[in-house]
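Q: Need a 3D model of the sequence below.
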Amino acid sequence: MKITLHIFLIFLSLQIFGQNYVEYQSIINRIDEDVINKKYYLAIERLDSLYENFDFIYSRHCFKAVQICCVSQDTINAKKWLEKSFIQGVPIWMIRTNDLTKNVFKYSTTQNTIEQYESLRTIYNNSINHDLRNKIDSLFEIDQQYTRKVNDGFILLRHTYHGLRWLKNNKNQFEILNEIIDKYGFPGERLIGLPKIIDDSVQFVKHFNYYGPFLGETNTYIMLIHYYSNPRAEINDKLLENVKLGNLPPYQYGALNDFMARWGKKKYGDFKYYNVWHKDPDNSNEVEIDRRRNSIGLNSYEKQKRNNSIWDERRKNNTVNSEIILQ
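A: Numbers count the residues shown, from 1 in each chain. Here you go, the predicted structure:
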């Protein structure tokens, strides 16, 4: 009997990869290639393997799945992924506003899911740590106050008085964040959900229309970017473990290491580029960088550049909300 791709992918995930989110990201990369090549049936098969084998699916990928189902007019899977989107915190206004996903409101298969939005939203709210969410938001607000002084304060004080206070705050907040990571895991989307601002369509819709359906949690990531903008000791072992657990997206891990590589000193570690944020100035290292990227689930550097160029072109042409999002 011929084994379908769907069954094979599920078997492969169960037997080899389990809940390893490095492989999860690798599957997302392959889905991007399917989308670019308009092989939507293959993309849906791969999405099924994620749905069946991973407890947590990032909201961005749930939204992407709804888009793929709408483009391919797969109303059955559209229902499944719409429900999953709501459970992962995607607000209904985003579904209604995007040029692709708004089609689910026409499908008979999705009407019951739409009616259950509030109850599905409750499942999402019950799945996240609200106390930790509030703690991270408070820390980030402080971070932004100091950062604005460095960026926009009186020019003679930016890199003296304000700069020193910013550095001190970065260190203080890192100590708090490091303790949180040890106790709970990396406080990203899986643990604390999505930023509260995305629930307010009035505030967020301009950002949505310009950048497209960007869904993710970045507060801790940005605070660590600020911390690693100066020579610091790394915590890569615990960060990498959180990548594997699905708490920390691979691109955030790669970008943090780019900052360590650019601003770090050898006494703090042997830092390596991933070419996510900063690029290694030595082009001869690109093969090794791709190996490094692959080890955490990222696609190749060339494919990252291609996807970034596609996104830039869509933004230029105001089509970010009428195309399937890429990684």
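
Q: okay, CA-based contacts and neighbour counts for the rest of this
A: OK.

Q: Nearest residue to I225 in space, please, no chain neighbours.
A: Nearest non-adjacent residue to I225, counting by CA to CA, 6 or more residues apart in numbering: L256, 6.0 Å away.

Q: Now do the contacts for that neighbour.
A: Y221, L224, I225, Y228 (CA atoms under 8 Å, 6 or more residues apart in numbering).

Q: now the stretch 51-200 of the chain, which segments are flagged as low pLDDT?
A: Residues of the stretch 51-200 of the chain that meet the criterion pLDDT under 70 lie in 154-157.

Q: Now do the helices for it: every range, in order, please.
A: Taking DSSP state H, counting those that start in this stretch as the test, the helices found in the stretch 51-200 of the chain are 59-71, 75-87, 92-97, 111-115, 117-127, 130-152, 161-184, 189-192.

Q: To Q252, which of the ones you listed lies closest?
A: When the helices of the stretch 51-200 of the chain are compared by CA to CA, helix 189-192 sits nearest Q252, at 12.1 Å.

Q: mind checking how far the closest one is from the chain centre?
A: 11 Å (CA atoms, centre = their mean, to the nearest Å).

Q: what's in contact with it?
A: By CA under 8 Å, 6+ apart, helix 189-192 touches 56, 58, 127-130, 132-133, 185, 216-217, 246-247.

Q: give me the number of residues near I31?
A: When counting by other CA atoms under 10 Å, one arrives at 25 neighbours for I31.

Q: ugh, wrong one, G153
A: Neighbours of G153 using other CA under 10 Å come to 14.

Q: so the residue positioned nearest the centre of the chain, which of the three states?
A: Centroid check for the chain by CA atoms, centre = their mean gives G216 as the closest residue, at 4.8 Å. Secondary structure, DSSP: H, G, I helix; E, B strand; the rest coil: G216 is coil.

Q: next one: phi and psi at it?
A: The phi and psi torsions at G216 (degrees, to the nearest 10) take the values phi 170, psi 170.

Q: Next one: it relative to I197, how far apart?
A: Here G216 is placed at a distance of 12 Å from I197 (CA to CA, to the nearest Å).

Q: Contacts for stretch 222-240 next, please.
A: 140, 143, 167, 170-171, 173-174, 186, 248, 253, 255-256, 259-260, 263-265, 268-269.

Q: Check stretch 22-34 too.
A: Against stretch 22-34 from outside (CA under 8 Å, 6+ apart): 17, 40, 42-43, 46-47, 50, 54, 61, 243-244, 250, 295-299, 326-327.

Q: Separate out the buried members of those residues.
A: The neighbour count (16 or more other CA atoms under 10 Å) marks 40, 42-43, 46-47, 50, 54, 61, 243-244, 250, 296-299, 326-327 as buried among the contacts of stretch 22-34.

Q: Return the subset of the residues you listed lying in helices.
A: Counting by DSSP state H, the buried ones among the contacts of stretch 22-34 place Y40, L42, A43, R46, L47, L50, H61, V243, K244, P250 in helices.
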